[in-house]
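Undergrad: sequence below, structure please.
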Amino acid sequence: MIYVDADACPVKSEAERVATRHKLMLYIVSNGGLRPSQNPFVETVIVPDGPDIADMWIADRAGRGDVVITGDIPLAAKCIAAGARVVRHNGEIFTPSNIGQQLATRDLMTDLRAADPFRQGGGKAFSKADRSRFLDALEREVQGAKRDIA
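TA: So this is what the prediction gives:
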């Protein structure tokens, strides 16, 4: 199965194409505002409003043989701990060997933003190259997830 942390996810349609090609269920999880897909391999899951409710829904279900698509580092850490493979929207792979550093960097950046509320900047724009990297990474991780349970 593939789980998508869908709030602000720019690659939902790409994930749907990969899931359909592999005949895998795709769960698009959000707290609303998404148009449901007519694809029989896609289930849109609407969770109640609240902090991290969609993340908890995914973390409670993802495990070995699954792929999770998220940019949320704490969710990625939980899913990795459960044995799932995790891909960021730009194609970066979260792994057991890099998730600790990712969490530490996230915490450092949170502290820096709190110390300077006028700090400008943010993430870079999502590009065609990011989309291409994501598709390549998702394909590799789906293949790896299939091997994990074979």
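Undergrad: three-state assignment of I80?
TA: Assigned with DSSP: H, G, I helix; E, B strand; the rest coil, I80 falls in the helix class.
Undergrad: actually L24, not the one I wrote
TA: L24 - assigned by three-state DSSP - is coil.
Undergrad: show the end-to-end separation of stretch 44-56, please.
TA: Length of stretch 44-56, first residue to last, Cα to Cα, to the nearest Å: 16 Å.
Undergrad: for stretch 64-84, that is, sorry about that
TA: End-to-end distance (Cα to Cα), stretch 64-84: 5 Å.
Undergrad: stretch 22-39 now?
TA: 13 Å.
Undergrad: tell me where the longest helix sits in the protein.
TA: helix 128-149 (DSSP state H).
Undergrad: so what does that one touch, helix or strand wise?
TA: With contacts defined as 3 or more Cβ pairs under 8 Å, 6 or more residues apart in numbering; DSSP states H and E, the packing partners of helix 128-149 are helix 12-22, strand 67-69, strand 85-87. Bear in mind the C-beta positions are built from the backbone N, C-alpha and C, glycine included.
Undergrad: so how many other residues sit close to P10?
TA: Residues within reach of P10, counting by other Cβ atoms under 10 Å, total 13.
Undergrad: how close does it sit to R61?
TA: Taking Cβ to Cβ, to the nearest Å as the measure, P10 falls 23 Å from R61.
Undergrad: same thing with K146?
TA: 18 Å.
Undergrad: which of these two has more neighbours?
TA: R61 (17 against 13).
Undergrad: backbone dihedrals for that one, please?
TA: phi -110, psi -30 (degrees, to the nearest 10).
Undergrad: now N31
TA: phi -100, psi 20.
Undergrad: does N39 touch K23 like I think?
TA: No. Taking contacts as Cβ atoms under 8 Å, N39 lies outside contact range of K23: 11.2 Å.
Undergrad: quick check: which of the helices and strands packed on helix 128-149 is buried the most?
TA: strand 67-69 (a mean of 29; mean count of other Cβ atoms under 10 Å).
Undergrad: just checking: what are the partner strands of that one?
TA: strand 2-5 (parallel), strand 85-87 (parallel) (DSSP bridges).
Undergrad: mean confidence for it?
TA: In this model, strand 67-69 carries a mean pLDDT of 97.
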